[in-house]
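Q: sequence and predicted structure below; questions after.
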Amino acid sequence: MAENPSTKPRETDDVPVPASLRKSLKNRHIQLIALGGAIGTGLFYGSAESIALAGPAILLAYLIGGLAIFMIVRALSEMSVEDPKAGAFSYYATQYWSKRAGFVSGWNYWFNYILVSMVELSVVGTFVNYWFPAIPTWVSAAVFLAVIAAANLLGVSQFGEFEFWFAIIKIVAVVAMILGGLAVIIFALPTDSGVKASFANWFTVGGGFFPNGLMTHTDGGWTGLLMALVVVMFSFGGTELIGITAGETEDPRRTIPRATNDIIWRILVFYIGALGVIMAVVPWNMIDGKSSPFVQIFDSVGVHAAAGILNFVCLTAVMSVYNSGLYANSRMLYSLAKQGNAPAYLGRLNKNGVPVAGVLTSAVITAIAVVVVFLWPEFAFNYLMSIATIAGIINWTMIMFTEMKFRRIAFEGRSPTDSALAGLSGQEAIDAIHFKLPAAKVTPWIVLAFLALVVVLMLFSSSYRVAVVAGVIWLAVLLVAYQLTQTRK
């Protein structure tokens, strides 16, 4: 994709991002932003699909996928701590790899979040209609888009506050479900299923812990632990937002490592813990996907208000995703502009230190994408979402390659002058890295092999196969776009 930085002159010495963004995000903001990024509607509703594929073995799938995501974020955080900048992986790809890599990484991530935001805003009306069925869905989408855009224009600390409280609501919901489920198990409360609530249900109901094995072909397609990995990996999308916030964090050297290391217990508690309790109370083969597993667990013991509560939680989750998406996209456009990979006007800041052009441009494009969903839903969900699906894999892959190039640059003594590693070389530079990726010589290759496996598994799924084809086309479009911009210059 790009030139080897060890064999050609650096073409990025003139693109450092100026420190004009406000470093206003506090430790509590970063902790909750990182935590909230791992909890979304995918957990509340999408977990039914993954449970159907693997049964109780889905717990292993979340553990394996969670370890891979943890290493990806550790690789990103290694760079973020030494060189905290807006735009994160796009900036690092430009600085340590090549301008072409930065272009592909940045625009891929930006478009990915446009599409994710498109979906979230297009469904926000369904949650509002739960209470107010007379309100048109497009009105709900327009109102939430305007409110979140206005909040982002106020300043990064306001964004942090929004995300802090959105995350609190989601965390309280999951913890309440876990405690409620444990109460059902401990006190042996009766359930609608007629099956006694017990963790033994993981091994005794519907074929045991591995009901579909690693991969099993049925009339409906492929199932099993490996196929569940595909669904699981995409539920972790957004965790890398930690890196985006580094450029506006008060103390990235302390805060980023803490937020990153907490990913493991977040995954253990909020995915493995929550789903483990659900499958102990509601046998996995009775989770039909017609309603959220979180609703089923309360319905099974007669708490029928759960649907309304979860509807509110999912509404805040949708708002959280769009809030994060708009924040990440505006900073990505700002960074791309400073790299010379986007129009210069996108690098302008308002008096609050917010890249106002990036916020407004991303909001307008998202609004257009939402209109596409309302007018041509089949096109939007079949093809545009396929790009969003594979864009995460592209992003994670580029992070791992960039981390290896970051270390090579540091070892050769060519770190940027404003980096904490400036002036160091050889093993001294590597030893000076404050927050090292564990087993850095082999970990990137293990993660890359795992991501390649996920792409291969996508080919076995009719739902994801089109995403692989779309991904190849999308990469070609990005590379051609880069070439055209350079030719025009």
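A: Ah, there it is.
Q: where does the stretch 51-200 of the chain have low pLDDT?
A: Nowhere does the stretch 51-200 of the chain drop to pLDDT under 70.
Q: residue ranges for the helices of it, please.
A: 58-82, 89-96, 99-129, 137-154, 156-186 (DSSP state H, counting those that start in this stretch).
Q: which one of the ones you listed lies closest to residue 264?
A: Ranking those by their distance to residue 264 (criterion: CB to CB) puts helix 58-82 first, at 5.7 Å. All C-beta spots, glycine's among them, are computed from the backbone N, C-alpha and C.
Q: return the distance of the closest one from the chain's centre.
A: When C-alpha coordinates are averaged (CA atoms, centre = their mean, to the nearest Å), helix 58-82 and its chain have centres 11 Å apart.
Q: mind listing what's buried in whichever helix in the chain runs longest?
A: In terms of residue count, the longest helix belonging to the chain (DSSP state H) is helix 306-339. Under the neighbour-count criterion of 16 or more other CB atoms under 10 Å, helix 306-339 has 306-307, 309-311, 313-339 buried.
Q: next, the angle helix 306-339 makes with the helix or strand just after that helix.
A: The helix or strand immediately downstream of helix 306-339 is helix 356-375, counting by DSSP states H and E. Here helix 356-375 runs at an angle of 130 degrees relative to helix 306-339 (axes from the mean of the first three to the mean of the last three CA atoms, to 10 degrees).
Q: hmm, back to that, between the helices of the stretch 51-200 of the chain, which gets nearest to residue 255?
A: helix 58-82 (9.3 Å).
Q: the inter-axis angle of the helix or strand containing residue 388 versus helix 89-96?
A: Element membership of residue 388, judged by DSSP H and E, is helix 385-411. Angle of helix 385-411 versus helix 89-96, following the same axes, to 10 degrees, is 40 degrees.
Q: what mean pLDDT does the longest helix of the chain have?
A: Helix 306-339 shows a mean pLDDT of 86.
Q: orientation of that helix relative to helix 137-154 in degrees?
A: Using the same axes, to 10 degrees, one finds that helix 306-339 and helix 137-154 are set 50 degrees apart in direction.
Q: show me the contacts for residue 369.
A: Residues counted as contacts of residue 369 (CB atoms under 8 Å, 6 or more residues apart in numbering) are 114, 115, 117, 118, 380, 384.
Q: of all those, which comes closest to residue 29?
A: Using CB to CB, the contacts of residue 369 come closest to residue 29 at residue 117, 20.5 Å.
Q: now the closest one: how far from residue 304?
A: Distance of residue 117 to residue 304, given as CB to CB, to the nearest Å: 32 Å.
Q: compare neighbour counts for these two and give me the winner.
A: Per other CB atoms under 10 Å, whichever of residue 117 and residue 304 has more neighbours is residue 117, with 29 against 10.
Q: tell me the helix or strand right after the helix holding residue 388.
A: helix 426-432.
Q: tell me what that following helix is packed against?
A: Counting contacts by 3 or more CB pairs under 8 Å, 6 or more residues apart in numbering; DSSP states H and E, helix 426-432 packs against helix 385-411.
Q: who are the packing partners of the helix it packs on?
A: Checking 3+ CB pairs under 8 Å, 6+ apart, helix 385-411 ends up next to helix 58-82, helix 89-96, helix 99-129, helix 225-235, helix 426-432, helix 443-458, helix 462-488.
Q: ok, residue 127 - contacts?
A: Counting by CB under 8 Å, 6+ apart, the residues that residue 127 touches are 311, 314, 315, 318.
Q: residue contacts, the spatially closest residue to it that is not a sequence neighbour?
A: Once flanking residues are discounted, residue 127 sits nearest to residue 315: 4.2 Å by CB to CB, 6 or more residues apart in numbering. Listed by CB under 8 Å, 6+ apart, the contact partners of residue 315 are 124, 127, 128.
Q: the last one: neighbouring residues, count only.
A: Burial of residue 128 is recorded as 21 neighbouring residues (other CB under 10 Å).
Q: check contacts around it.
A: 135, 137, 140, 315.
Q: give me that answer again for 10 Å
A: Taking CB atoms under 10 Å, 6 or more residues apart in numbering, we find residue 128 in contact with 135, 136, 137, 139, 140, 141, 143, 144, 311, 315, 318.
Q: list phi and psi for the residue nearest the centre of the chain.
A: By CA atoms, centre = their mean, the chain has its centre lying nearest to residue 238, at 1.6 Å. Main-chain torsions, residue 238, degrees, to the nearest 10: phi 100, psi -20.
Q: and the helix holding residue 388, what's buried?
A: For helix 385-411, by 16+ other CB under 10 Å, it's 385-407, 409-411.
Q: that one: how far from the chain's middle?
A: 14 Å.
Q: repeat for stretch 175-190
A: So, by CA atoms, centre = their mean, the centroid of stretch 175-190 is 30 Å from its chain's centroid.
Q: which other residues reach that stretch?
A: Against stretch 175-190 from outside (CB under 10 Å, 6+ apart): 44, 191, 196-199, 201, 269-270, 273-282, 292-295, 297-298, 300-303, 306, 309-310, 313.
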